[in-house]
Each structure stands twice: as C-alpha cells, then as structure tokens.
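Q: no sequence on hand, only this structure:
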C-alpha cells in the first residue's frame, strides 16, 4: 500500500461525517448533531495527528527540510483546528446560522488543504520515502490513537 | 525534486488581483445590460453588429475578466502553479484587456480599421502573454490531475482562439488579405465557446463540484477524456477547414455531444451530493448545467435539420450556462477569499462567510438571473420583453459588482480596525 491510498480515503470519510453533522444542524437536531460533530472532529484530529507525528517527520527526514510543504500543512491544520473550536461553540449555543457559516469556510478550507495533500504531498511522500520505511510508517499510523 | 512553491502560503494571490478582475468583469456586464437596451432583438441576427458587439462584451469583457481572475486564484490551489508578482501582472492584464475590449467594440461599431489595429495589439499582448505564462507553467507540472490537464487544453484553446482573433482583427484593420476570413471566424467561435469557455468551466468543475458539495468524483471517461477529446476535435476541425472542409461535419456534432454529456453527469453528481443543503449556488449550477444540455441539444438539432431559428435560443442557453456557473462560483469564492486572507493574516475578528455575503443575497440574485434568462428566451417571440431582459441583465451585474465591492470594503475595514494576534512560530511561513 502507498501513502496516498491510505490517507486519501480518510479525507473522504471525514467529508461524509462532516456532511452528516451539517445536515443534523440544519434540521435542528442538536443532540444528534453534537454527537455527529464530535465524531467528525475526533476523526479529523486523529488524521492530523498521524500526519504531524508520523508522516511529516518521515518526509522531513528524507528531504532534510522542515520548513517546506509540511510546515505549510501544519499551519493549515492550525487554521482548521481554530474552526473546529468555533464550530463546537456554535453547536453549544445552538446557533444554526453561525454553524452553517463556519461550516462553509471549513469545507472550502479543508478541501483546498486536502487537494494539496492528495495531489502533491502524498505523491511526494510516496516518491521519497523508501518502500520498507513506508510499510512501517503506515503500520504506525494505523495503530495511532487520539 | 518538487516545487515547494506549490505548497507555499504565499501562493494565494492578494485579493486585489482577483477582485480587480472581477470588478472589471462586472463593469463590462453593466455595459452589456445598457447595450441590450440599445440593440434590443437585433442581437438575434447573428450577422449584425449588435450580435458581434454583445457576443464580445459578454465573452471577452465579462467572461474573460472573471475567468482570468478565477485562474489567478485557482491555479495555485488546483494545480500548484504559482505566478510570480501576481499584482503587477494582473494590473497590466486589466489595463490591456480593458483597452483592448473597448477599442475592439468601438471598431465593430464604427468600422474603423485603426481601432482594430489597437485592439489587436492590446488584446493580443494581454491574452497571449498571460495565457502563454499559465500554459508554460502548467506544462512543467510533473503530476497532473484531471483539472490541471483540462486547463492545459483550455489554455491551448485560448491561445489558438486569440491567434484566430488577431487574424480576423487584422483583416478588419486592412492589414491582412483575409482569404480565410469566414472559416477563421467559425473556428474562432468554436475554440472560444467550446475549447476555452466550455473546457475551462468543465476542468474547474471536476474539482470544485466535488469539493464544494461533497459529491462522488466525475467518471474518468469525462474528467480525463472530455477535455482532450474536445480539443482534438477542434484541432481536427481546423485542419479539415484547410484541407478537407467536408470532414468538418464529422467533428462539430462531437463537440455538442461531449459537452451535453458533461452537463448531464454534473446534474447527476449534484443530485448525489452528501451536503443536501440547497443554497443558491446549487440552483445556479443546476440552471447552468440544464441550460448547457438544452443548448447543446438545440444546436445539434439545428445542425442536422438546418433549423436556424433554433440558434438564438441555443446561444441564450449557452450564455445562461456560462453566467450561471460563474455566479455559482463567485458566491463561494468571494466570501471565502475575504475570510481566508483575513484569517491567514491573523485578525481576531474576521467576518464569517455568511456575514460577507448572506445566502439570502445570493438567492435573490439567482431569481434575477433566472428571470433574465427566461426573458431573453421569451423576447424571441415577444420582442418587447427584451427591455425586461436588459433591465435584469443590468441589475444582475450591478448586484454582483456590489457584492465584490462590498466584500473588498469589509476586507479593508477589518484590516484597518481589527487587532491581529501574534502568529508566533508561524510567522516564518506566513
């Protein structure tokens, strides 16, 4: 298995969870919405953790560059985390308009970010990380927990 | 080994680059609305000055401005292509495009050869320069997505369309003999409408539809082969024009069928979206794709039955396709860019997307736009309705122009009045 084959489906799974929470908020089902939102938030934070603690360091080790693309990805993760907090606040206050507005920003931000990872960073990782190392790091990421 | 700029935060061009081109597009749209009051239903006679002026106002003034603005923004994100010094580049393009469109339109109106010469210089230099740069940068990519590959074909079509346009303009300027004028004009329209406009919209949508609405990906046969197939069909038509005119009949219907299929698949994808909330942008997309399918069907029928009476409706529906998708994209891009730039710059009180443009504002615009399309279609049977269509076109572009201006004002206001937080370790990359 290669990095992109493992990581890309995680993006799609998060999209589905995101859409589920959004629909529940739009329908005013706050209790279930909160639950669905938590599942989405946890999944995405776990995905970020896998990248930041395992994938990015492996990439940086091979390229010897910690200030390049991975640094930008980390910065974008911070932006997403900021929005995760704000959206949680909107759910807590049952503020539908605020949630849907933040969700719009989140969706585009996330998709832009995913696009860069899927089309560039993962492909780069698959190229620069040796096959044997890749197997180990994929296994490590599969075991990772929040 | 890899292009780090492709993942740099600096990749997003300043908002002025994008908003400046968008505002110019709106201005030409306002002029188009005013011109429609003047030309009225004369625009449906395709050999008239009215038709040529309106076509160029909308395709070159409106669509080109918006499409170039969108490319400045999207090339870094979709394809990882960064254009250096985007602001000076965009300013030059704006100046040349504005001067070029103005002189070209005046040339059509006054039949003045020297105006065509000026238009050739302005438009040729602007479009070949920016189209060429974008094309060269895209060609250098080692990894191509369906979108970036499609953009390659769209930009190649742009360059060919401009070269054909230059030949036509220089013939008007009495600097070229123009033996192939009629053939070149036909190819100019084909490369412009199907190669440039159709393929660029399709290529961008291969990623943005999935991205904005969480839909399944387009089937590969469409996303990978439609742009190449369309471009090859256009090239084949160009060769057939010179070497074997009878062969053109083989390729023209293929263009219609290809785009109709794309429209149908997009409608299907929109119905399969995981975010079922139907905001105005969904309705803009549906109207655009429905219009595209109908337009292609009408053109196909007209092509085989020689029912030329169907052509004006085909043209109006193609305009509806282009403008509907344009507005659908703008209502996502404008608020997102405003929010994104302010958020990235670290302002504490960044307005949210719905505060920049409220969904109800987009919905009202949708009704205006939809009514404009219906009025244009009806005006072919009841000519007085063209005044309603003109008023609605004018209102539509004032509306979108105001949204862009308002978003920019909010952006400046936040920059001037909001506090910034210290980005700490992140300053190195921002």
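A: Looks like it came in fine. These numbers were taken from a predicted model, which means no experiment stands behind them.

Q: the residue nearest the centre of chain A is in what secondary structure piece?
A: The residue lying closest to the centre of chain A (Cα atoms, centre = their mean) is residue A:44, at 4.2 Å. Taking DSSP states H and E as the criterion, residue A:44 maps to helix A:30-50.

Q: now do that helix: which elements does it pack against?
A: In terms of contacts (3 or more Cβ pairs under 8 Å, 6 or more residues apart in numbering or on different chains; DSSP states H and E), helix A:30-50 is packed against helix A:3-26, helix A:69-92. Just so you know, the C-beta spots here come from the backbone N, C-alpha and C atoms, and that holds for glycine as well.

Q: circling back to that earlier point, spatially nearest residue to the residue nearest to the centre of chain A (excluding sequence neighbours)?
A: Excluding the flanking residues, the one nearest residue A:44 by Cβ to Cβ, 6 or more residues apart in numbering or on different chains is residue A:14, at 5.0 Å.

Q: and the pLDDT at residue 77?
A: No chain in the question, so chain A it is. Per-residue pLDDT puts residue A:77 at 94.

Q: oops, chain B please
A: In this prediction, residue B:77 has a pLDDT value of 75.

Q: ok, it touching residue A:116?
A: Yes - in this structure, residue B:77 is within contact of residue A:116 by Cβ atoms under 8 Å, at 7.3 Å.

Q: burial count for residue B:246?
A: Residues near residue B:246, counting by other Cβ atoms under 10 Å in any protein chain shown, number 7.

Q: in a helix, that's where it is, yeah?
A: Yes - read with DSSP: H, G, I helix; E, B strand; the rest coil, residue B:246 is one of the residues of a helix.

Q: for the first helix or strand past the helix holding residue A:44 going along the chain, buried residues please.
A: Remark: after helix A:30-50, the chain's next helix or strand is helix A:56-63, criterion DSSP H and E. By 16 or more other Cβ atoms under 10 Å in any protein chain shown, the buried positions in helix A:56-63 come out as A:56, A:58, A:59, A:60, A:62, A:63.

Q: ok, and which of those reach chain B?
A: By Cβ under 8 Å from any Cβ of the partner chain, the members of the buried residues of helix A:56-63 lying near chain B are residue A:63.

Q: return the member of the buried residues of helix A:56-63 nearest to chain B.
A: residue A:63 (7.5 Å; Cβ to the nearest Cβ).

Q: leaving out chain neighbours, which residue sits closest to the closest one?
A: residue A:128 (6.1 Å).

Q: now swap in residue B:373 and tell me
A: Nearest to residue B:373 is residue B:320, by Cβ to Cβ, 6+ apart, at 4.3 Å.

Q: please, which helix or strand holds the one you found?
A: Per DSSP H and E: helix B:311-344 holds residue B:320.

Q: and the stretch 251-400 of chain B, which residues reach chain A?
A: Taking Cβ under 8 Å from any Cβ as the criterion, the stretch 251-400 of chain B approaches chain A at residues B:274-277, B:332, B:335-336, B:339-340, B:343-344, B:352-355.

Q: tell me how far residue A:55 lies from chain B.
A: 14 Å (Cβ to the nearest Cβ, to the nearest Å).

Q: thought that residue was touching residue A:137?
A: Yes - contact criterion Cβ under 8 Å: residue A:55 and residue A:137 qualify, at 6.6 Å.

Q: who touches both of those two?
A: Residues touching both residue A:55 and residue A:137 (Cβ atoms under 8 Å, 6 or more residues apart in numbering or on different chains) are residue A:3.

Q: neighbour count winner among these two?
A: Taking neighbours as other Cβ under 10 Å, residue A:55 and residue A:137 compare with residue A:55 leading, 25 against 20.

Q: tell me the contacts of that one?
A: By Cβ under 8 Å, 6+ apart, the neighbours of residue A:55 are A:3, A:7, A:125, A:137, A:141.

Q: drop anything exposed from those residues.
A: Here, 16+ other Cβ under 10 Å leaves A:3, A:7, A:125, A:137, A:141 buried among the contacts of residue A:55.

Q: how about the first one, what does it touch?
A: Residues in contact with residue A:3, defined by Cβ under 8 Å, 6+ apart, are A:55, A:122, A:125, A:126, A:129, A:134, A:137, A:138.

Q: which non-adjacent residue is nearest it?
A: Nearest one to residue A:3, counting by Cβ to Cβ, 6+ apart, is residue A:125 at 4.5 Å.

Q: check the secondary structure at the one you found for me.
A: Under three-state DSSP, residue A:125 comes out as helix.

Q: local confidence estimate at it?
A: Residue A:125 carries a pLDDT value of 92.

Q: in chain A, where is pLDDT below threshold?
A: Filtered on pLDDT under 70, chain A yields no residues whatsoever.

Q: enumerate the residues of it near chain B.
A: A:15-16, A:18-19, A:22-23, A:26, A:63, A:65, A:67-69, A:71-73, A:75, A:78-79, A:82, A:97-98, A:100-102, A:104-105, A:107-109, A:111-112, A:115-116, A:119-121, A:123-124, A:127-128.

Q: which among those end up buried?
A: A:15, A:18-19, A:22-23, A:26, A:63, A:68-69, A:71-73, A:75, A:79, A:98, A:100-102, A:104-105, A:107-109, A:111-112, A:115-116, A:119-121, A:123-124, A:128.

Q: which of the residues in stretch B:187-207 are buried?
A: B:187-188, B:190-207.

Q: thinking again about what came up before, the residue nearest to the centre of chain A reaches residue A:77, doesn't it?
A: No - taking contacts as Cβ under 8 Å, residue A:44 lies outside contact range of residue A:77: 9.2 Å.

Q: ok now the host helix or strand of residue B:414, how far from the chain's centre?
A: Using DSSP H and E, residue B:414 falls within helix B:385-417. Put simply, helix B:385-417 sits 18 Å off its chain's centre (Cα atoms, centre = their mean, to the nearest Å).

Q: tell me what that helix is packed against?
A: Using 3+ Cβ pairs under 8 Å, 6+ apart, helix B:385-417 is in contact with helix B:15-39, helix B:311-344, helix B:353-356, helix B:359-378.
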